[in-house]
Every structure is written in structure tokens, then in C-alpha cells.
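Chemist: Here is a sequence together with a model predicted from it:
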Amino acid sequence: MMMFMFHTAYALYLLSLAAGLGLFIWSSRNVGKGVGIAKFFSVIIMLLSILGIACTGYFGTKYWQEGYFSVPTDMMHRVME
């Protein structure tokens, strides 16, 4: 279960990074109303996505080293047995 959640979170962060990059490219190529705020929000989206990817990668590696991904259930179920 934990591995599925890790992969899902990582995929969503990559999608948001791609969307932020697409918005940034669009705002760089256009001129007019709303381009400045689009560029601002695209930078915010990309920064939060990169921070999320780093955090997910760190905790994914930490949990992998502790053995959480070696069993099909999470560790709380394993400890309670």
C-alpha cells in the first residue's frame, strides 16, 4: 500500500511540474493581460512541485531503507500481529 501511495504522489507531482512548465512557456510566448500573473503562478507551481518531489523522494528512500516496502501491508499491521 505504501509503495502505491509513493508512486501516486510522485506521478501527481510530475504532472503538476509539467503543467507549471507548460503555463510558464505559454506566458513567456504571449503578451497581454494576465501574462504576468500566469508567469508568477507557474513559478510557484513549479517550486512547490520540485519541493514535493524532493520530499517524496526523501521519505520514500527512508521508508525503503526501514523495510516498509518489503511487505504488502504497512508496518503498523505487521507490529500489531
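Modeler: Perfect, I can see it now.
Chemist: now the strands for the protein?
Modeler: Taking DSSP state E as the criterion, the chain contains no strands.
Chemist: Pull the distance from the lengthiest helix in it to the chain's centre.
Modeler: When the chain is parsed with DSSP state H, its longest helix is helix 35-66. Helix 35-66 sits 5 Å away from the centroid of its parent chain (Cα atoms, centre = their mean, to the nearest Å).
Chemist: okay, the closest residue in space to Gly52 that isn't next to it in sequence: pLDDT?
Modeler: In this structure, Gly52 finds its nearest non-sequential neighbour in Tyr13, 4.5 Å apart by Cβ to Cβ, 6 or more residues apart in numbering. Placement of C-beta: from N, CA and C, glycine included. For Tyr13, the model assigns a pLDDT of 96.
Chemist: avg pLDDT for the longest helix of the chain?
Modeler: Mean predicted confidence for helix 35-66 is 93.
Chemist: So which residues make contact with stretch 33-51?
Modeler: With contact meaning Cβ atoms under 8 Å, 6 or more residues apart in numbering, stretch 33-51 is reached by 13-14, 16-17, 19-21, 23-24, 26-28.
Chemist: Since that was my last question, I'll sign off now.
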